[in-house]
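A.B. asks: Pasted the sequence and its predicted model underneath.
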Amino acid sequence: MIRMSKLADYSFILLTRMVCEDKKSWAASELATCTTLPVPTVAKIMKLLSKDGVVTAQRGAAGGYSLAMPPHEISIATIIEIVDGPIALTDCVGRNHPACAVQSLCPMHGGWDKVNKALRTALESVFLSDLAAASFDMGPLASRPIAGK
């Protein structure tokens, strides 16, 4: 079974909540409350997403997190890679894999590349707006402006 981590799954829960509610910014505690995720988990995810430019973080009383770009520009692949690292079906497909002890004998060496590329292409073709629309039955969100911008 191919499976992403719980943190990646939780990141989609947080981001779709941000897309579907018209708020300028979100405190980590607000996101935790409305999604029932623990505050430390929310803070960890938002820090990762902020570091890679998916959300912006503003400190202070009026601060919080907000989307840094429209949801139709944020691919599912981008979020998974931020949280889980490179998308790869096996260790030998990833870019930063150590040399395998049986690589020279392995009949699959290089064989997974085509499958991995197809998976990556599929994930790059689905966007946060698509996920949010399906999750909250909101219809197309591609033209929806970012709250507060």
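C.D. replies: Perfect, thanks for sending it.
A.B. asks: Going by contacts, tell me the helices and strands next to the longest helix seen in the chain.
C.D. replies: Longest among the helix segments of the chain by residue count, using DSSP state H, is helix 6-20. The criterion is 3 or more C-beta pairs under 8 Å, 6 or more residues apart in numbering; DSSP states H and E, and the helices and strands that helix 6-20 contacts are helix 28-35, helix 39-51, strand 64-67, helix 76-84, helix 128-136. Where C-beta positions appear, they are placed from N, C-alpha and C, glycine not excepted.
A.B. asks: Centre of the chain to the helix or strand just after the longest one, how far?
C.D. replies: Scanning forward in sequence from helix 39-51 by DSSP states H and E, the next helix or strand is strand 55-58. Taking C-alpha atoms, centre = their mean, to the nearest Å, one finds strand 55-58 lying 15 Å from the centre of the chain it belongs to.
A.B. asks: and strand 55-58, what's its mean pLDDT?
C.D. replies: The average pLDDT within strand 55-58 is 93.
A.B. asks: For it, which strands pair with it and how are they oriented?
C.D. replies: strand 64-67 (antiparallel) (DSSP bridges).
A.B. asks: What residue, apart from its backbone neighbours, is nearest the spatially most central residue of the chain spatially?
C.D. replies: Centroid-nearest residue in the chain, with C-alpha atoms, centre = their mean: Ile79, separated by 2.0 Å. Once flanking residues are discounted, Ile79 sits nearest to Ser11: 5.5 Å by C-beta to C-beta, 6 or more residues apart in numbering.
A.B. asks: what's the neighbour count on that neighbour?
C.D. replies: Residues lying near Ser11 (other C-beta atoms under 10 Å) number 26.
A.B. asks: before we move on, the earlier item: which parts of the longest helix of the chain are buried?
C.D. replies: Across helix 6-20, burial judged by 16 or more other C-beta atoms under 10 Å covers Ala8, Tyr10, Ser11, Phe12, Ile13, Leu14, Leu15, Thr16, Arg17, Met18, Val19, Cys20.
A.B. asks: now stretch 74-94
C.D. replies: 74-84, 87-88, 92-93.
A.B. asks: Export the least confident helix or strand in the chain by mean pLDDT to PDB, keeping only CA atoms.
C.D. replies: Least confident helix or strand, the chain: helix 128-136 with a mean of 84, by mean pLDDT, DSSP states H and E. Taking Å, rounded to 0.1, in the frame of the first residue of the first chain, the C-alpha atoms of helix 128-136 are listed here in PDB:
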ATOM      1  CA  LEU A 128      -5.500  22.400  -3.200                       C
ATOM      2  CA  SER A 129      -8.600  24.100  -4.800                       C
ATOM      3  CA  ASP A 130      -9.700  20.700  -6.200                       C
ATOM      4  CA  LEU A 131      -9.300  19.000  -2.900                       C
ATOM      5  CA  ALA A 132     -11.100  21.800  -1.000                       C
ATOM      6  CA  ALA A 133     -14.000  21.800  -3.500                       C
ATOM      7  CA  ALA A 134     -14.400  18.100  -3.200                       C
ATOM      8  CA  SER A 135     -14.100  18.100   0.600                       C
ATOM      9  CA  PHE A 136     -16.500  20.900   1.300                       C
END
